[in-house]
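Asker: dropping a prediction and its sequence here:
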Amino acid sequence: MWLFIYNTHMEQLIFQSLGIKYYDLDTPALLIDVDLLISNIQKFNDLAETADISIIPYSSIHGSKDILKYQLQGNKTLNRACTNSISEAEELVDLGLQKLTIKSTPISKNQIQRLWALSQNTHVDVVVTDPQHVTNFQQACPSTGESLGIIIQPVSQSPDREKSIITIIESCLSSPNIQYEGLLLEESLTLPKEDYSSLIKLIRSKWPESEIIALGDLSVKNLQEIHLVDYLIAGCYPVPDIPYLVNFPELSISASVLSQIISKPTREHLVIDSGHKTFGTDLGIPSVIHDTEHEYSRTLKPLKFSAEHGAIKFDEDQFDQITVQDKIRLLPNSMELCFNQFDMMRFVQSDTFIGYKKITGRGLYS
Amino acid sequence: MNIKPQIGTHINDLDTPCLIIDLDQLETNMNYVSDFYSRRSSKMRPHAKNHKTPAIAHMQINNGGTVGGVCASKVSEAEVMVNNGIKSVLITSEIVDSLKISRMIALAKRAEINVAIDSFQNAKSIDSIANKFNVEVGLIIEIETGMGRCGVQDADEALNLAESIKGLHNVSLNGLMSHQTISGEPDLETRHTEAKKVIEKVINIKKLLESRGFVLPIISTGETWSYDVAADIEGVTEIQGGSYLLMETDYAYMTEFQQVCKILGTVISKPTISSAIVNVGLKHISSLRGVPAIEGNNDIQVVDMAPSSSTVSIGDQVSLEIGDQLSFIPSQQDAMVSRWNQFICIREQSVENVWDIQARGCIS
């Protein structure tokens, strides 16, 4: 059985038979182990169940409808999704989701028109941070009866933050087509945790129906006010990267990049065919995954990456074991930036290639 | 969907973030290099990895001062160039996989193909597959000149490799190549000194091989930072220049070139009086050699970058409001271009053209 994909441009795929071992795939290749992906989704849903919180998948991490569909099957997952951009949300309309949340506030006239058009087809919530955003939406509101949900993200550090949020809520309440929905609280992997509890209590005391949504997978373990939060927007758990696995050791490596050794120019370093343009190394370089077929992979230490290549150090006594043309797997430091480099994933099950899957949201930035 | 803006759209009306190039500035850089090389025997071989766009490659070639072909980093990138009418490609990476070698051989039936090598095993693989297809592929020995990547390490290795290639029938040793880097913001004298030092290694190996009877029509070296030095080193025939065309802040010291390529973004939030959030992040622009600069305003600086947004600090004298546009200039442009599907080409503040980045994603 042959899989045929005709590509006029972008990633140039070649014919590769379903059923071959992943090792024989053309490189660099973004591999997804479907069984481990499903297992990660289940484990994260278990964590959400323990925290008594429901998950809204953030699909911009991977940009894949296929992965999103697996996420939506989770027992603690809502039939909703969050995207960063309108164009990504437009791409998801045909999934028939109950609600789409757009995280990056549309500003231009054209984007706001698209936002209203999108709300004709599905229930849309959009994240805002400033009263001016709501005013912009009101001014562009069509007369055809659509409605738009507003979620407020408190980003201001100023003492009158609460006042600003209340202004936005009151502005929504004065507009028949715009509905205040709740708050979005962002938890970072790197920034100190912020205490939102007094803010949540204040808003709930005035508007008890407010949805309180936490953004960031780590919140499932760490958010101080987790008992006050209704929903969690999370995205990386199906395909954890290096920093994510530090925080979630119970998850498995389900996504990796298969690369080929193209040169062994010295007795202590080799060169692979994958660099920045493969991994998106802006937040850190990848690590080599130990592969039992190439025992030497245990000792490989990535040194540096250029746009096209990676230089990897090895122990000199491994020199004879390493062959140009060998392939190794690497774990990206940022899965979101790595997925953004590819047009296609290669789905794998039991080490066997089972099909290409398109990264439908890639490049949909505006 | 990637929606192209209408021709004539004013820059202020573009959906952001978007990748823009200023056509006047692009032509200025292109003309500068064409003029420079039209007066020399060495020629530019523009690197297509920087723009991944056949339309731009044809402009560079037609403008003059080039060898009439391009460099490509990967076979898939070379395929896009040849499929769009480019007649000569130097593939600057070692191609070792038999599937990829077959694809490269197929290209060699339609265009002049040279490829970098640094081992006899690789040369033998290419020869074996070229033999089946009855074509000849040119081999260029890569010399290591300080990058710590591929390439033979010294003259003895180069000579041994050249001697062993002699016995192969469907490949021909056509020359030598090297690639080198320089750090910081070197002045002209430092650039000249450093470039001559590293390229001298290639020239010495060329002389050694020629003394043993090898004919080497291609000596390919140099890049944007050494485009002027390498061009005047006797024996160098072509220069692999890429960044000069679209530019990046890492090469800001090359003041003869203008910053052509930018990401246009919009302020979407203003959490404090001295900071703003812009809808441009690491998915859109690379930070590999430092955070991007903001065009035309040193009082606005990028202080933090997330995948889909950036935080900028705002100086006391600057007024910046939600809805204002900012242009981000990359620190490293080819890792940025590879994240986009199209260039929006601007002249006099309006869209004049939209070019597909046809080799985007061509990393295999």
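Answerer: In hand now; what should we look at? Numbering: from 1, shown residues only, chains lettered A, B, ... in the order given.
Asker: so which residues of the stretch 1-150 of chain B form helices?
Answerer: Secondary structure of the stretch 1-150 of chain B (DSSP state H, counting those that start in this stretch): helices at B:23-38, B:54-63, B:75-83, B:98-108, B:120-133.
Asker: select, out of those, the one closest to chain A.
Answerer: helix B:75-83 (3.8 Å; CB to the nearest CB). The C-beta positions use only the backbone N, C-alpha and C, and glycine is treated the same way.
Asker: which strands and helices sit next to the closest one?
Answerer: helix B:54-63, strand B:70-72, strand B:88-91, helix B:98-108 (3 or more CB pairs under 8 Å, 6 or more residues apart in numbering or on different chains; DSSP states H and E).
Asker: which of the helices of the stretch 1-150 of chain B sits most buried?
Answerer: helix B:75-83 (a mean of 25; mean count of other CB atoms under 10 Å in any protein chain shown).
Asker: returning to that earlier point: can I get the helices and strands packed on helix B:75-83 in TSV including mean pLDDT?
Answerer: Converted to TSV, those look like this (pLDDT from 0 to 100):
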stretch	mean pLDDT
helix B:54-63	98
strand B:70-72	98
strand B:88-91	98
helix B:98-108	97
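Asker: pretty sure residue B:265 contacts residue B:280?
Answerer: Yes. Using CB atoms under 8 Å, residue B:265 is in contact with residue B:280, at 3.6 Å.
Asker: joint contacts of these two?
Answerer: When contacts are counted by CB atoms under 8 Å, 6 or more residues apart in numbering or on different chains, residue B:265 and residue B:280 have B:16-17, B:310, B:326, B:328 as shared neighbours.
Asker: closest to residue B:222 among those?
Answerer: Closest approach to residue B:222 among the shared contacts of residue B:265 and residue B:280 (CB to CB): residue B:328, at 28.5 Å.
Asker: any idea how many residues pack against that closest one?
Answerer: When neighbours are counted by other CB atoms under 10 Å in any protein chain shown, residue B:328 registers 25.
Asker: secondary structure element for it?
Answerer: Assigned by DSSP states H and E, residue B:328 belongs to strand B:325-329.
Asker: by contact count, what packs against that strand?
Answerer: strand B:261-272, strand B:293-294.
Asker: and the longest one, which strands flank it?
Answerer: Using DSSP bridges, strand B:261-272 pairs in its sheet with strand B:18-22 (antiparallel), strand B:275-278 (antiparallel), strand B:325-329 (antiparallel).
Asker: dump the C-alpha coordinates for it into PDB.
Answerer: Output of strand B:261-272 as PDB, limited to C-alpha atoms (Å, rounded to 0.1, in the frame of the first residue of the first chain):
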ATOM      1  CA  CYS B 261      13.200  42.100   5.500                       C
ATOM      2  CA  LYS B 262      11.000  42.700   8.500                       C
ATOM      3  CA  ILE B 263       8.100  41.400  10.400                       C
ATOM      4  CA  LEU B 264       5.200  43.900  10.700                       C
ATOM      5  CA  GLY B 265       3.400  43.600  14.000                       C
ATOM      6  CA  THR B 266       0.700  45.400  16.000                       C
ATOM      7  CA  VAL B 267       0.600  46.500  19.600                       C
ATOM      8  CA  ILE B 268      -2.300  44.500  21.100                       C
ATOM      9  CA  SER B 269      -2.000  45.400  24.700                       C
ATOM     10  CA  LYS B 270      -0.300  48.000  26.900                       C
ATOM     11  CA  PRO B 271      -0.100  46.600  30.400                       C
ATOM     12  CA  THR B 272       2.000  49.500  31.800                       C
END
